[in-house]
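Asker: here is my input; please provide its structure:
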Amino acid sequence: MQNTNTNTNAGRLITTSKIFGVTLLGSLCLAFNTAADAQTKPAPAPKDTLEFYNVHTGESMTVTRKKGELISDRTNLFMRDYRRNEKANMSPQLFDLLGDLKKSIQKRYPNISVTFKVVSSYRTPQTNSALQRAGGTQADKSQHMLGKAMDIAVDGVPTKDLRDMATCLKRGGVGYYAEDQFVHVDVARVRYWPSHDYLKGLKCPKN
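Answerer: The predicted structure follows:
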């Protein structure tokens, strides 16, 4: 009888060992697959948080978005042509540029809380023409009419420095309005005005 019990116990021990081994192997495979999946899944795109203040309407807004993400209707309304109370679809690339410009500002001025003061954003063709007739220098095919441009300033950042940082991004047009203390940025072709002289002494940080 004892021999029979010993064999039985041994059989149970072997069976239990097999089950434990299968369980352990399955757990290891699951852990490996989970780790492999974590490595193959792309990291979530970082988000930019942008603060805006419209100097004409007195409105403020915080925009948090991923790069490339479409601009919300609420943001489009904030960036409207306030003269005619008309909005348009703003360019996501413009906001991508502003996100990178904010990072450049924070590197140079780490103690400044960056809020973009919006002097001009979307502009209707009617408003553009009216400003031209009033003696303005608005372009006939202004990027403002396409939702691809913004005139901005940042408290605590000299206009010249803002121009230089925008220029170093090389992402579109940069206009320098020293007297009015704002900088134009857009996401059309790269160009600079009213002068190119500052480019000779411009030192851009290395990435």
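
Asker: would you map the helices across the chain?
Answerer: 2-40, 73-78, 92-108, 125-133, 159-169 (DSSP state H).

Asker: any stretches of this protein with poor pLDDT?
Answerer: Filtered on pLDDT under 70, the chain yields the residue ranges 1-40, 42-43, 207.

Asker: from Phe182, how far off is Cys204?
Answerer: 21 Å (Cβ to Cβ, to the nearest Å). Every residue, glycine included, has its C-beta placed from N, CA and C.

Asker: which one's more surrounded, those two?
Answerer: Legend: neighbour count by other Cβ atoms under 10 Å for Cys204 and Phe182, higher for Phe182 (23 against 12).

Asker: so what's the more buried one bridging to?
Answerer: Phe182 has the following beta-bridge partners by DSSP bridges: Tyr177.

Asker: how far away is it from Lys107?
Answerer: Applying Cβ to Cβ to Phe182 and Lys107 gives a distance of 21 Å.

Asker: who's in contact with the residue lying closest to Leu162 once chain neighbours are set aside?
Answerer: Leaving aside its sequence neighbours, Leu162 sits nearest to Val183 (Cβ to Cβ, 6 or more residues apart in numbering; 4.8 Å). Contacts for Val183 (Cβ atoms under 8 Å, 6 or more residues apart in numbering) come out as 151-153, 159, 162-163, 166, 174-177.

Asker: Leu202 too?
Answerer: By Cβ under 8 Å, 6+ apart, Leu202 lies in contact with 164, 167-168.

Asker: go again using 6 Å as the cut-off
Answerer: Going by Cβ atoms under 6 Å, 6 or more residues apart in numbering, Leu202 touches Asp164.

Asker: domain parsing for this protein?
Answerer: 1-41, 47-201 (automatic domain parsing).

Asker: what's the most buried one of the ones you listed?
Answerer: With neighbours defined as mean count of other Cβ atoms under 10 Å, the domains of the chain peak in mean count at domain 47-201, which reaches a mean of 16.

Asker: centre of the chain to that domain, how far?
Answerer: 13 Å (Cα atoms, centre = their mean, to the nearest Å).

Asker: endpoints of that domain, how far apart?
Answerer: By Cα to Cα, to the nearest Å, the extent of domain 47-201 from end to end equals 33 Å.

Asker: do the same with stretch 74-85
Answerer: One end of stretch 74-85 sits 13 Å from the other (Cα to Cα).

Asker: cool, and stretch 56-65?
Answerer: 24 Å.

Asker: again with stretch 178-195
Answerer: Start-to-end, stretch 178-195 (Cα to Cα) is 12 Å.

Asker: tell me how far Val190 lies from Gln106.
Answerer: To Gln106, Val190 is 23 Å away according to Cβ to Cβ.

Asker: ok, now Met145?
Answerer: In this structure, Met145 and Gln106 are 31 Å apart, going by Cβ to Cβ.

Asker: check Lys41 too.
Answerer: Separation of Lys41 from Gln106 (Cβ to Cβ): 29 Å.

Asker: just Lys87 next, same as before
Answerer: 29 Å.

Asker: surely Tyr176 meets Arg163?
Answerer: Yes - the criterion here is Cβ atoms under 6 Å, and Tyr176 meets it with Arg163 at 4.5 Å.
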